[in-house]
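Enquirer: Need coordinates for the following:
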Amino acid sequence: MDLEPLVKAAQGGDVKAFVEIARRFQHFAFGSALALVHDFQRAEDVVQEAFIAAWRALPGLADPAAFPGWLRGIVRHQAFRVLRRKHLEGVPLAAADEVASDEPAPDHRLDQRQQATAALAAMADLPAGQREVASLFFVHECSHQDIATFLDLSVTTVNNRLHAARTHLKRRMLSMIKATLGSHALPDDFANRIGRLVEARGSVVEALFNPDALPDLMAELAVSDEANRRGITVQVIQRPGGGIVRGVAATPVDVLPRGATVLDAGRPNLTPVSPAAFDHSLKLLAGERPTADGPGKLLETGIKAIDVMCPLRAGGTVAIAGELGAGLTVVMEELVRRLSGGNERVTMFNFVPHWPDAPAGYSIAAALKQEGYSEGTVGAVQAFFLRTEDGPWTPERLAALASVDTVIHLSRAQGTARIYPTVDPLTSRSCLLETGAAGHEHAAIARRVREAIRALRQAGDAVPTTETDAVMLQRARKVAHFFGQPFYVAEPYHKRSGTTVSLAEALRVCREILDGDHDDLSVEAFWFAGGIAEIRGRPDRFTPAW
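Expert: Prediction:
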């Protein structure tokens with residue numbers, strides 16, 4: 001599309017049009033900024049601020065055809081602002097020796113820095129007109145015609161200035177300049193990082209980006225708060241579709257106007273969402289719902305550990321929390337598969353720890369898409385993904401999730417015991433059990449199971465002192481392993497068909513195990529199975545394939 005229609009569309013609030021404009025002119029803006037500030041990082045900051053300013057001021061541009069020169073003026077203004085700022089105190093290069101890093105060694109980085117310094121110094125010695133033309137040409141090999149258009153010069157003038165710049169620079173320096181400037185060009189996706197604010201409610205932010213290049217789940221965004229001269233950090237928690245991303249901010253953002261600039265930092269957000277921010281955002285994200293101490297209807301999932309020990313509430317909220325490697329994504333995907341086709345709404349909050357060893361370019365949104373799942377609303381289930389701090393979920397951390405109806409706590413210790421899903425029966429909870437809404441019998445069985453497993457863990461590796469203790473501990477082991485179950489979404493990995501067990505059967509078998517009705521079966525018979533018919537149909541000793 002020609003420039004003028006794009007500018008007019010962007011003036012009307014079309015984000016995709018503005019992204020396309022930014023893509024066309026980002027390298028020109030970077031070259032002009034670099035010619036003035038002589039520093040790659042500061043030049044990138046200038047370009048970022050320039051496009052923010054351009055987005056805000058674009059409706060006031062009278063002649064869309066004048067956009068190139070108008071943008072250049074904004075870039076120069078922002079560059080002079082940067083030059084007037086005080087420099088931050090530098091850190092000696094020797095300090096890098098104390099920091100563990102996968103980056104090149106300090107001496108190699110020093111060589112790169114010296115080369116870049118020499119190249120920028122040589123460019124700075126050029127006359128102003130030659131410097132800007134040379135920067136635009138070397139940074140991204142812009143054509144002479146494009147440079148002429150952006151600088152409002154004739155092609156002949158551009159050719160003459162570029163020839164003069166080449167003459168001033170020695171051949172070896174010319175090669176080094178081209179390599180240095182080319183390696184420090186803006187990334188090609190720079191323009192896609194610019195979005196605009198659609199709505200801000202409390203700590204919940206909705207922003208519109210190019211639908212073909214959305215920020216990843218749990219990515220870091222920055223909302224430009226012009227009134228308070230600050231940037232507000234936001235974490236992406238959902239991508240419901242249509243170019244919209246939802247996020248949670250650390251501070252309230254009600255005062256921000258529609259259309260405010262939102263920037264994708266291009267990196268994951270490593271700051272955990274605080275319990276206070278989560279509490280503040282819960283009702284806004286989940287929508288209005290009955291209070292947790294009112295009557296509630298149990299929503300069956302067919303997953304034994306969940307239905308018995310931490311049942312879901314129809315129309316309610318559930319938090320899935322666990323350490324890295326505990327299978328959070330698998331449990332989330334399984335619940336979506338089992339519940340999305342129903343009529344009872346569920347709002348799911350997935351608390352995901354940072355994965356420091358993730359493969360380069362890994363994207364949680366792409367991983368979910370590969371498995372066939374959306375990261376927004378799927379039928380009756382809407383899912384949110386929130387960054388949480390690393391490390392075990394202590395009782396204090398789990399208590400901070402008191403505002404949700406159900407907490408499914410996944411533990412790697414369960415996985416070590418080869419119990420999948422890794423739902424911890426002692427630390428998972430449900431308001432339906434706490435308030436008695438699940439029914440007296442259900443609550444009584446869940447309490448007996450919890451007491452049995454607690455006694456088992458307290459016993460550890462100690463040898464039982466009485467035959468009665470030995471029998472009770474064996475029953476506890478059986479009920480613990482009874483909660484293992486093949487998932488449908490994991491069939492390609494464990495090579496077994498997924499299973500569904502009704503709540504009625506799950507409760508009955510738990511009671512029977514604790515009453516001794518299945519003392520004739522070994523503990524191994526209960527590993528990774530469905531209902532009691534499957535368990536009794538197995539050989540006396542069964543070992544999972546893994």
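
Enquirer: Could you report the neighbour count for T465?
Expert: 8 (other C-beta atoms under 10 Å). For glycine as for every other residue, the C-beta is placed from the backbone atoms N, C-alpha and C.

Enquirer: oh sorry, the question was meant for D519
Expert: D519: 12 neighbours (other C-beta under 10 Å).

Enquirer: R24 now?
Expert: Neighbours around R24, by other C-beta under 10 Å: 16.

Enquirer: Check which helix or strand it maps to.
Expert: Element membership for R24 (DSSP states H and E) is helix 15-37.

Enquirer: Show the average pLDDT along that helix.
Expert: Helix 15-37 shows a mean pLDDT of 84.

Enquirer: Can you give the contact residues for the following helix or strand past it?
Expert: Note on helix 15-37: by DSSP H and E, the next helix or strand toward the C-terminus is helix 40-57. Under the criterion C-beta atoms under 8 Å, 6 or more residues apart in numbering, residues 10, 18, 22, 26, 29-30, 33-34, 36-37, 70-71, 74-75, 77-79, 81-82, 116, 184, 186, 190, 194, 196, 224, 226, 261, 263 lie in contact with helix 40-57.

Enquirer: Go through the helix or strand that comes right after helix 40-57 and flag the buried ones.
Expert: Note on helix 40-57: by DSSP H and E, the next helix or strand toward the C-terminus is helix 67-84. For helix 67-84, the neighbour count (16 or more other C-beta atoms under 10 Å) marks F67, P68, W70, L71, R72, I74, V75, R76, Q78, A79, V82 as buried.

Enquirer: just checking, the fourth one touches F25?
Expert: Yes - with contacts defined as C-beta atoms under 8 Å, L71 counts as touching F25 at a distance of 5.9 Å.

Enquirer: hang on, I320 in a strand?
Expert: Yes - remark: I320 belongs to a strand, assigned using DSSP: H, G, I helix; E, B strand; the rest coil.

Enquirer: if I look at it, how far off is Q382?
Expert: 14 Å (C-beta to C-beta, to the nearest Å).

Enquirer: neighbour count winner among these two?
Expert: I320 (25 against 21).

Enquirer: Make sure the more buried one is actually in contact with V352.
Expert: No - between I320 and V352 there is no contact under C-beta under 8 Å: 9.1 Å.

Enquirer: any shared contact partners between these two?
Expert: Common contacts of I320 and V352 (C-beta under 8 Å, 6+ apart): L328.

Enquirer: Now do the same contact list for M472.
Expert: Per C-beta under 8 Å, 6+ apart, neighbours of M472: A452, A455.

Enquirer: Please report how far it lies from P464.
Expert: 8 Å.

Enquirer: Could you look up the next helix or strand downstream of the lowest-mean-pLDDT helix or strand in the chain?
Expert: In the chain, the helix or strand scored least confidently by mean pLDDT, DSSP states H and E is helix 171-183, which has a mean of 53. Using DSSP H and E, the helix or strand that follows helix 171-183 towards the C-terminus is strand 194-201.

Enquirer: Just want the angle from that following strand to helix 15-37.
Expert: Strand 194-201 and helix 15-37 are oriented at 120 degrees to each other (axes from the mean of the first three to the mean of the last three C-alpha atoms, to 10 degrees).

Enquirer: as a whole number, average confidence for the helix or strand that strand 194-201 is followed by?
Expert: Per DSSP H and E, the first helix or strand lying C-terminal to strand 194-201 is strand 204-208. The average pLDDT within strand 204-208 is 90.

Enquirer: Summarise which helices and strands the helix or strand just after strand 204-208 is packed against.
Expert: Next helix or strand after strand 204-208 toward the C-terminus (DSSP H and E): strand 219-225. Judged by 3 or more C-beta pairs under 8 Å, 6 or more residues apart in numbering; DSSP states H and E, strand 219-225 is in contact with strand 194-201, strand 204-208, strand 230-241, strand 244-249, strand 261-268.
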